[in-house]
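Enquirer: structure for the following, please:
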Amino acid sequence: MVERGVQVISDHMIVRAEVQTGHKVLDVATGYGEPALTAAQRVGPSGRVIGIDLASELLEIASDRAAAYGFKHVSFYEMDLRISAFPRIALTSPCAVQG
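Expert: Numbers count the residues shown, from 1 in each chain. Reported below is the predicted structural model:
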């Protein structure tokens, strides 16, 4: 599980962003998957969570963690928003912890 301090921050962000069941969440600079995985618990299978980051090795950890939790509604992508255009999708809650 995530270090306690990081989990506290993720929980706080999800509450502040008012993430609810069925929401679509974008986690910018997701790293190893936080707060994306915390958001995934909140939105449930009717929602969608996308995590993006520059570090492919961290995204691999994030994907493995999502698979371990059985989350099928979470996707992770290697992307640099400074030079890449993110596809237009309707988001309910964009967020970033480290970016």
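
Enquirer: where exactly do the strands run in the chain?
Expert: 24-28, 48-53, 74-78, 93-96 (DSSP state E).

Enquirer: residue contacts, residue 72?
Expert: By Cβ atoms under 8 Å, 6 or more residues apart in numbering, residue 72 lies in contact with residue 45. For every residue, glycine as well, the C-beta is placed using N, CA and C.

Enquirer: what's the distance between the closest residue to residue 81 other than its chain neighbours and residue 5?
Expert: Leaving aside its chain neighbours, residue 81 sits nearest to residue 28 (6.6 Å; criterion: Cβ to Cβ, 6 or more residues apart in numbering). The gap separating residue 28 from residue 5 is 20 Å, by Cβ to Cβ, to the nearest Å.

Enquirer: list the buried ones in stretch 53-66?
Expert: Using 16 or more other Cβ atoms under 10 Å as the test for burial, stretch 53-66 gives 53, 58-59, 62-63, 65-66.

Enquirer: my error: substitute stretch 38-55 in the last question.
Expert: Within stretch 38-55, the residues that count as buried by 16+ other Cβ under 10 Å are 38-43, 47-53.

Enquirer: what about it, average pLDDT?
Expert: If you average the pLDDT over stretch 38-55, you get 95.

Enquirer: show me the contact partners of that stretch.
Expert: Under Cβ under 8 Å, 6+ apart, the answer for stretch 38-55 is 7, 10-11, 13-14, 19-31, 33, 36-37, 59, 62, 66, 69, 71-81, 86, 89, 93, 95.

Enquirer: show me what contacts the closest residue to residue 69 other than its chain neighbours?
Expert: Once flanking residues are discounted, residue 69 sits nearest to residue 37: 6.6 Å by Cβ to Cβ, 6+ apart. Going by Cβ under 8 Å, 6+ apart, residue 37 touches 2, 10, 49, 62, 65-66, 69, 71, 74.
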